[in-house]
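Colleague: how would this look folded up:
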Amino acid sequence: MADSSSNVNEIKCLLCGQVEKDFLGDHLLEVHGITSAEYVASHPGASAVSDRLHARFAQEHPSPKRVHPPRPGDLKINFGGLMFPVYPDVPASACLPMPDHYRIPAHGDLHEDIEHAVISLLQGRSLYIWGLPGSGKDALFHAWSAMTRTPAVIRQAKPGTDIESWFFSRGFNETGTFWEEGAVLQALRDGFRTPLGDTVPYLLLVSDFDRADREQAEHLRLITDSIQGRVDGPAGITYRVLPGTRVVATANTAGSGDDRGRMISANPIDASLLDRFERKFQFHWMDWEDEEPIVRSKFPLLVQRCPDIFAKAGKVTAALRKAILGGELYAEFSHRGVCAILGHSQDILSSRPGARVPANLLKMGVRAWLDGLPDVENREAATKIMSAHVSMLAEGDTSHIKDGPVVKGF
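Modeller: The predicted structure follows:
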């Protein structure tokens, strides 16, 4: 305890006995040429402030309650409303990368789709996820792997891919030929070995699974076996899949081919193989209430100079998707399509700094998507569907217009 007088607002200097009100700092510096910190360091238990100031400071600035960090084995994260373990010893390089600006949808059909998929992830079920392009099928599992630090291997199925080499390939050396183990086999069988010696099961994500032909798809038959996942090796050797390994396949179709005629490379999948996936869910396009915050974060210049463009883009998006799903328009309008339109709109602004925001900016941005439609009939149909909403940007409301020269040449 510091040596002090009987008054709680007085403090005595241990060097000379001088009594000061509340604080010794000025006295110590002027008389003894030392700071308060030096004084306290050289006199253990001493203080440079009175008991009154100590009590007042403690009252105004209570010590925060110390909470010890969880042990690495107890780390958890909320993903989609459910708590998942986190593996901090797994490096980010062994996981799938986090998609830019990703957020889990909280509204509409896709929110419900993801709720079911996340439940299945937590329970370690094999999953077959299908849906239209741009419905966030692969993105969900990228985000889950990145946020939980779950090691993952992603492979894309496409015509001509040697899927057998994912598991085995034939090598040779000076003694002859031999079978070399592939990365997917090692991941499924061995898991990921952390620096501390723990084993963490992998996520295997097979994208565009309905692009695989019959022979290619057969490689997943034993892996998704409900009794015990296995990998067939050469020479009759069978390897067991490490318990806890998650196998996910994503596709654009439900497994019977594309009845819309848009995914011409999609193949029918053997029903008995598809049946081996424990859970099968369709993903829908994102609700605009979830999509708007994402595109706002992607296109900050539009937020700054033309914020009302997002509400109009939302109406265009809803109209186009309704027409596509209703068979009125032969096209796709995924999140990529939205980003193409808004991205080109932002490019127009950023390429002419200081220029006035054109009143028909959204109409100009639409061309980056519209010109990609396959034929004149579809382009005319899409233009008619969008016209009422695109023209809104050029009619009446000029609150978004900024000062500057008018953009010409469009």
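
Colleague: from here on, just use CA atoms for contacts and neighbour counts.
Modeller: Will do.

Colleague: got the CA coordinates for the one helix or strand Ala340 maps to in PDB?
Modeller: Element membership for Ala340 (DSSP states H and E) is helix 335-350. Taking Å, rounded to 0.1, in the frame of the first residue of the first chain, the C-alpha atoms of helix 335-350 are listed here in PDB:
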ATOM      1  CA  HIS A 335     -26.700 -13.400 -59.800                       C
ATOM      2  CA  ARG A 336     -24.000 -13.300 -62.500                       C
ATOM      3  CA  GLY A 337     -26.400 -11.700 -64.900                       C
ATOM      4  CA  VAL A 338     -27.300  -9.000 -62.200                       C
ATOM      5  CA  CYS A 339     -23.600  -8.400 -61.700                       C
ATOM      6  CA  ALA A 340     -23.000  -8.100 -65.500                       C
ATOM      7  CA  ILE A 341     -25.600  -5.300 -65.700                       C
ATOM      8  CA  LEU A 342     -24.600  -3.400 -62.600                       C
ATOM      9  CA  GLY A 343     -20.900  -4.000 -63.200                       C
ATOM     10  CA  HIS A 344     -21.200  -2.500 -66.700                       C
ATOM     11  CA  SER A 345     -23.200   0.400 -65.300                       C
ATOM     12  CA  GLN A 346     -20.400   1.100 -62.800                       C
ATOM     13  CA  ASP A 347     -17.700   0.700 -65.600                       C
ATOM     14  CA  ILE A 348     -19.500   3.400 -67.600                       C
ATOM     15  CA  LEU A 349     -19.300   5.800 -64.600                       C
ATOM     16  CA  SER A 350     -15.700   4.900 -63.600                       C
END
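
Colleague: is it true that Thr317 touches Arg336?
Modeller: No: applying C-alpha atoms under 8 Å, one finds Thr317 not in contact with Arg336, separated by 11.5 Å.

Colleague: between the two, tell me which one has more neighbours.
Modeller: Between Thr317 and Arg336, counted using other C-alpha atoms under 10 Å, Thr317 has the larger neighbour count: 20 against 15.

Colleague: can you check the pLDDT for that one?
Modeller: Note on Thr317: pLDDT of 94.

Colleague: show me what whichever strand or helix holds it is packed up against.
Modeller: Per DSSP H and E, Thr317 falls inside helix 309-325. Counting contacts by 3 or more C-alpha pairs under 8 Å, 6 or more residues apart in numbering; DSSP states H and E, helix 309-325 packs against helix 288-298, helix 376-390.

Colleague: possible to save those helices as a markdown table with mean pLDDT?
Modeller: Output for the helices and strands packed on helix 309-325, formatted as a markdown table (pLDDT from 0 to 100):
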| stretch | mean pLDDT |
| --- | --- |
| helix 288-298 | 94 |
| helix 376-390 | 86 |
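
Colleague: export the ones you listed to JSON lines and tack on mean neighbour count and distance to Ser120?
Modeller: Below are the helices and strands packed on helix 309-325 laid out as JSON lines (neighbours: other C-alpha atoms under 10 Å; distance: least, C-alpha to C-alpha, whole Å):
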{"stretch": "helix 288-298", "mean neighbour count": "17", "distance to Ser120": "23"}
{"stretch": "helix 376-390", "mean neighbour count": "16", "distance to Ser120": "38"}
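
Colleague: just send those back as TSV, with distance to Val366 too.
Modeller: Output for these, formatted as TSV (distance: least, C-alpha to C-alpha, whole Å):
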stretch	distance to Val366
helix 288-298	15
helix 376-390	9
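
Colleague: so for Ala143, which of the ones you listed sits nearest?
Modeller: Ala143 lies closest to helix 288-298 among the helices and strands packed on helix 309-325, at 14.6 Å (C-alpha to C-alpha).

Colleague: restrict the helix or strand immediately after that closest one in the chain to CA atoms and write it as CSV.
Modeller: Going down the chain from helix 288-298, the next helix or strand is helix 300-305, by DSSP H and E. In CSV, the C-alpha atoms belonging to helix 300-305 read as follows (Å, rounded to 0.1, in the frame of the first residue of the first chain):
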residue,chain,number,x,y,z
PRO,A,300,-19.7,1.1,-54.3
LEU,A,301,-19.5,3.7,-57.1
LEU,A,302,-23.2,3.1,-57.9
VAL,A,303,-24.0,3.4,-54.2
GLN,A,304,-22.2,6.7,-54.1
ARG,A,305,-23.4,8.3,-57.4
